[in-house]
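Asks: how does the following fold in three dimensions:
(one chain, ligands or ions: 1)
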Amino acid sequence: MSNVLDRIVDSTRREVEHRRSEIPLAQLERSLHGRGEDRPFAEALVHPGISVIAEHKRRSPSAGPIREGATVEEIVGSYERAGAAALSVLTERHHFGGSLDDLRAAKEAARLPILRKDFVVDTYQVYESAVAGADAILLIVAALEPRELARLHAEALALDLDVLVEVHDEPELEIALERVDADVIGINNRDLTDFTVDVQRTFELLADIPAGKTVVSESGISTRDQLDELERVGVDAVLVGEALMRADDVEAACRELTRLDDEL
Ligand SMILES: O=C(O)c1ccccc1NCC(=O)[C@H](O)[C@H](O)COP(=O)(O)O
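Replies: So this is what the prediction gives:
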């Protein structure tokens, strides 16, 4: 039986075909001209200290429902007030309950740069992301052939989208560096085949990433102590979803990570 990533990619390809049959790529391309303001995503992550990318995530294959009823506006508003550097919005529908409407709502409700967190495997999604107002997209090395990865990466950059290239092990990191010379590298601490999460993964892979790259540690992060350790070894940003989305007080939980209150 195929793993969960294969299943998500298969259903994504089917959904993309359906959307393409409703709105052809040529029509999407024409809509690019009315794109809103540019909010540089990669730039927002490289400040002194460690930056927080706060994620809007309704549910997930590993955790089931997380906070399905909350509105995008209330969540991203809390993140912005709490000092997050950028937002990540999960737009995959079948497994995460997200949509491009969530991304559009986030763009309206906050001024932060936005990562479209999805399983981008087709040029159509790159254009769709730009038209919907994303400032960056995610490309997962494990979900793509190296040639496809390089093509989608180049297409995104050509549309002024930043790209977070996600890896989980050394062979994937080698592809991210050698095939696309990725500027922003996400180390996913979650193994997408069995959902185990180990933040140690970031420390292990970090040693093989050349200076000058922007490094994001993704998944399984919930405490300020973890951020302090990651900051000490030179990680630029963390991407946090479930721990923030499950918090009773989302804004307070995010403030705890950003240390916004310590700066006042
Ligand atoms: O979260 C999952 O269960 C998952 C399963 C399969 C593919 C991707 C998955 N998550 C997407 C993400 O990358 C996370 O939402 C993101 O890194 C935040 O992780 P967390 O803070 O642990 O919610």
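Asks: so where's the stretch 51-200 of the chain uncertain?
Replies: Judged against pLDDT under 70, the stretch 51-200 of the chain has no low-scoring part.
Asks: give me the neighbour count for the closest residue to the ligand within it.
Replies: Closest approach between the stretch 51-200 of the chain and the ligand, counting by C-beta to the nearest ligand atom: Ser62, at 3.1 Å. (Each C-beta comes from the backbone N, C-alpha and C, glycine too.) For Ser62, the number of neighbouring residues by other C-beta atoms under 10 Å comes to 16.
Asks: Ile53 now?
Replies: Neighbour tally, Ile53, other C-beta under 10 Å: 28.
Asks: what's near enough to touch it?
Replies: Leu45, Ala84, Ala85, Ala86, Leu87, Ser88, Leu115, Val216, Ala237, Val238, Leu239, Val240 (C-beta atoms under 8 Å, 6 or more residues apart in numbering).
Asks: pretty sure the third one sits against Ala237.
Replies: Yes - proximity of Ala85 to Ala237 meets the contact threshold set by C-beta atoms under 8 Å, at 6.7 Å.
Asks: and for these two, which residues touch both?
Replies: Leu45, Ser51, Val52, Ile53.
Asks: just those residues now: which is nearest Ser78?
Replies: Val52 (12.2 Å; C-beta to C-beta).
Asks: any idea which element that closest one lies in?
Replies: Counting by DSSP states H and E, the element that carries Val52 is strand 51-56.
Asks: note down every partner strand of that strand and its orientation.
Replies: Strand 51-56 has the following sheet partners, assigned by DSSP bridges: strand 86-90 (parallel), strand 237-240 (parallel).
Asks: and the strands in the stretch 151-264 of the chain, which stretches?
Replies: 162-167, 184-188, 214-218, 237-240 (DSSP state E, counting those that start in this stretch).
Asks: and the longest one with the ligand, contact?
Replies: No - using C-beta under 6 Å from any ligand atom, no contact is recorded between strand 162-167 and the ligand, whose separation bottoms out at 7.3 Å.
Asks: send the alpha carbons of stretch 18-30 over as PDB?
Replies: Taking Å, rounded to 0.1, in the frame of the first residue of the first chain, the C-alpha atoms of stretch 18-30 are listed here in PDB:
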ATOM      1  CA  HIS A  18     -10.800  19.200 -12.100                       C
ATOM      2  CA  ARG A  19     -10.000  22.800 -11.300                       C
ATOM      3  CA  ARG A  20      -8.100  23.100 -14.600                       C
ATOM      4  CA  SER A  21     -11.200  21.900 -16.500                       C
ATOM      5  CA  GLU A  22     -13.200  24.700 -14.800                       C
ATOM      6  CA  ILE A  23     -10.700  27.500 -15.200                       C
ATOM      7  CA  PRO A  24      -8.000  26.900 -17.800                       C
ATOM      8  CA  LEU A  25      -4.400  27.900 -17.200                       C
ATOM      9  CA  ALA A  26      -4.600  30.700 -19.800                       C
ATOM     10  CA  GLN A  27      -7.400  32.300 -17.900                       C
ATOM     11  CA  LEU A  28      -5.500  32.100 -14.600                       C
ATOM     12  CA  GLU A  29      -2.500  33.700 -16.300                       C
ATOM     13  CA  ARG A  30      -4.600  36.600 -17.400                       C
END
